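In: please work out how this folds:
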Amino acid sequence: LTDETALQLFGTIDVIGNSLRLAGTDGFHVVAVVESWPDNAHLEFSMLLPYEAMLDVEPAEAREITQSVLENNWIATHSYTYVLLRPNQTAKKVNEKFKDFILEKGDERFRDKQTFSLLPITAIHLDEIDGEPKPSANRNYLYLFFTIGLLTLFIACINFINLTTANSMSRVKEVGVRKVLGAQRSLLIYQFLGESILLSFIAFLFALGLTHLGLPTFNLLTGLEIPFFPQPLLMVGAIGVFLLVGILAGLYPALYVTRFPAVSILKDSLSLGRKPGRSWLRSSLITMQFLAAIGFIAGSLVCFQQLNYLRNRPLGFSKDLIVNIPITSGNNINAVFRPGDASLRQRMNSFDESLLSNPNIMAVTQSYSAPGLGAIARNVWNEHVPQSDNFFPQILSVDYDYVETFDLEVLAGRDFDVSFGTDHISSFLLNEQAVQALGYDSPQKAIGKSMVLEGKEGQVVGVLKDYNFNDLRNEITPLIMEVRPGSFSWFSAKISNSDIPATIDFIQQKWRAYFPEKVFEYQFLDVALHDAYRAETNLATIIGYFSIISIIISCIGLFGLSAFVTRQRFKEIGIRKILGASVYQILKLLSREFLFLISISIIFALPITWYLLNDWLDGFAYRINFPWWVPLGTGIFVMLLAFSTVSIQALKTALSNPINAIKAE
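Out: Numbers count the residues shown, from 1 in each chain. Now for the predicted structure:
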């Protein structure tokens, strides 16, 4: 047991030798207590049992079959194999030997197409393999979040460098005086760098505080569990970032301002940074800054549009007011009930009937999986597709009334019907994709045809219209349904919208009456389908927040830079006003160069956002067309926002008394 489980069950971790009875077994003895694994471990457990214990939860008549499956089945995915390599051995060397091993020992049906490979435990979290004990992280999303963080830092650094560079222009005379008094250029450079690094360090301390305060909210928002103090390597990286930012922000102005002779500086014969357009570095940084901001906002809008499309696209089945009740997380219903319980099927049927006695419950069924939540691949063959072709369509084990409960459309033939008496033995339903894959010309011609599902022979009794039995990242593939009660993992009940809480309470009471050994849990199907896109929702939300942060940072920087430029041109503005310049002309003069740079950002943003967002959308089998108005509209919005930001300073200067600007002359 883990220490947490021991405390929950016994109130102490001193439990060696104690007995523990699990449903359907004669009991186990505790032989060890281990420390609970951290949240970031790929394997999650509360207790460890001998592998052979799987047989104890099987009915006696099924144990021989189950044991054969455990020992000899080459395609079942019921277990994970961990390998400790010998010294001087590598995963690559072992992987090279798997092919010969399969040819010698493997199932002859799959030797040509099957392969195995070892995966380092450290690589599991970012590996995109289905069926892992815990959901793996999407490597592409991780890179994307990392890029978003870098871009946001980049935008902030641009502000810092721009304002530091601009501010250094006002310190030219200070540099000249220091040089006259004997200061060496190297000392002046160290001064600028020291000031810049100190400011960066102060920002770093504030960042740690904000991270500490904001991380719980971020974890709640994204569903992640990121600790406040990460690995030492990451802290070293963060320290390196603040040092690098400080050096880069201070290096250019330090080298630029200190290179001029003291005489030229004190004679005021230099013209430094009079206009933003005359500094190619500053202009480039402003352009890149707003390019990133436009990209963030456009990306967020497209993500939310795609999510809205996924959640509202017709799926081919009814998803509203469907209550799903999990029976077991595996594919064997006996795993959570008493082994050899002959009354189990009878109890399941009685539970169904008792639910239907409530007028607010319109239909009830059982299945391996509800629509939209996937199925499992198994080997199928018929007269057109030989067994040697290794055709593995998706197989869904369902009960009677499954088609009716989810309002699936029957195109040809009939639904499963208990009155026929043999549908649970030798009948199948196909979707349209399966009809084509099995070589039938039409749904009607598939009816009555024979096929084999891993040794189970039967006939096609009906064809269903294609529906999305997986999420919308995947296209519709061949699907075959069979009635197989032993593989049910879910009860599903279709209810009315009248007094839903009372209906749920009724279902719970009946569950406790018929299945006291299993805890009652439930989830609405539409909620489960909504949660299927949680990663995309988190992505859109994070990009949305970062877009707000980036545009705020950009506007703050633009405000500071426009204030600096306006201050530098204060006397020029005064003279222009005396010579008859209007407020509009002054406003245009001070803002046009900034707006020109933002226009360039928009021009570059259009193709870049089109490429990146289309690439992301291509990861979905069903997607929206790229909305051109999004980056264009975003650019116009940013342009107006930037104009408003610049206009605050420009308007203040344009309305000021010109006498104040020129009286010093």
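In: just the buried positions in the helix or strand where residue 611 lies, please.
Out: Using DSSP states H and E, residue 611 falls within helix 583-617. By 16 or more other Cβ atoms under 10 Å, the buried positions in helix 583-617 come out as 586-587, 589-591, 593-594, 597-598, 600-602, 604-606, 609, 612-613, 616-617. (C-beta placed from N, C-alpha, C; glycine too.)
In: which helices and strands sit right next to it?
Out: If contacts are counted by 3 or more Cβ pairs under 8 Å, 6 or more residues apart in numbering; DSSP states H and E, helix 583-617 sits against helix 280-312, helix 534-568, helix 570-578, helix 629-654.
In: tell me which of those sits most buried.
Out: Most buried of these, by mean neighbour count (mean count of other Cβ atoms under 10 Å): helix 280-312, with a mean of 21.
In: let me know the average pLDDT across that one.
Out: For helix 280-312, the mean pLDDT works out to 86.
In: poorly predicted segments of the stretch 351-500 of the chain, please.
Out: 486 (pLDDT under 70).
In: also the stretch 151-300 of the chain?
Out: Scanning the stretch 151-300 of the chain for pLDDT under 70 picks out 169, 222-225, 229-231, 264-279, 281.
In: rewinding a little: the inter-axis angle of the helix holding residue 611 versus helix 280-312?
Out: 50 degrees (axes from the mean of the first three to the mean of the last three Cα atoms, to 10 degrees).
In: now do helix 583-617: distance to the chain's middle.
Out: Relative to its parent chain, helix 583-617 has a centroid offset of 30 Å by Cα atoms, centre = their mean, to the nearest Å.
In: what's the per-residue pLDDT of residue 511 here?
Out: The model reports residue 511 with a pLDDT of 92.
In: that older thread, want to throw the helices and strands packed on helix 583-617 into CSV with distance to residue 246?
Out: Below are the helices and strands packed on helix 583-617 laid out as CSV (distance: least, Cβ to Cβ, whole Å):
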stretch, distance to residue 246
helix 280-312, 17
helix 534-568, 17
helix 570-578, 31
helix 629-654, 26
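In: between these, which one is closest to residue 107.
Out: Residue 107 lies closest to helix 534-568 among these, at 35.4 Å (Cβ to Cβ).
In: could you list every helix and strand that that closest one packs against?
Out: Using 3+ Cβ pairs under 8 Å, 6+ apart, helix 534-568 sits against helix 139-169, helix 185-222, helix 280-312, helix 583-617, helix 629-654.
In: picking that back up, among the helices and strands packed on helix 583-617, which comes closest to residue 71?
Out: Using Cβ to Cβ, the nearest of those to residue 71 is helix 534-568, at 37.2 Å.
In: tell me the angle of that closest one relative to helix 570-578?
Out: Per the same axes, to 10 degrees, the angle that helix 534-568 makes with helix 570-578 is 70 degrees.
In: average pLDDT for helix 534-568?
Out: What helix 534-568 shows for mean pLDDT is 82.
In: quick one, it and helix 185-222 angle?
Out: Angle of helix 534-568 versus helix 185-222, following the same axes, to 10 degrees, is 150 degrees.
In: turn the helices and strands packed on helix 534-568 into a markdown table, columns for distance to residue 423.
Out: Listed next are the helices and strands packed on helix 534-568 as a markdown table, based on distance: least, Cβ to Cβ, whole Å:
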| stretch | distance to residue 423 |
| --- | --- |
| helix 139-169 | 44 |
| helix 185-222 | 46 |
| helix 280-312 | 34 |
| helix 583-617 | 42 |
| helix 629-654 | 51 |
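In: of all those helices, which lies closest to residue 461?
Out: Minimum separation from residue 461 across these (Cβ to Cβ) falls at helix 280-312, 32.9 Å.
In: after the closest one, next one along is what?
Out: strand 322-326.
In: what does that next one contact?
Out: Residues outside strand 322-326 that contact it (Cβ atoms under 8 Å, 6 or more residues apart in numbering): 370, 405-406, 489-495, 504, 507, 511, 520-526, 528.
In: separate out the buried members of those residues.
Out: 370, 405-406, 489-495, 504, 507, 511, 524-525.
In: among these, name the ones in strands.
Out: 490-495, 524 (DSSP state E).
In: mind checking how far the closest residue to residue 27 other than its chain neighbours is from residue 208?
Out: Spatial nearest neighbour of residue 27, excluding adjacent residues (Cβ to Cβ, 6 or more residues apart in numbering): residue 21 at 4.3 Å. For residue 21, the distance to residue 208 equals 50 Å [Cβ to Cβ, to the nearest Å].
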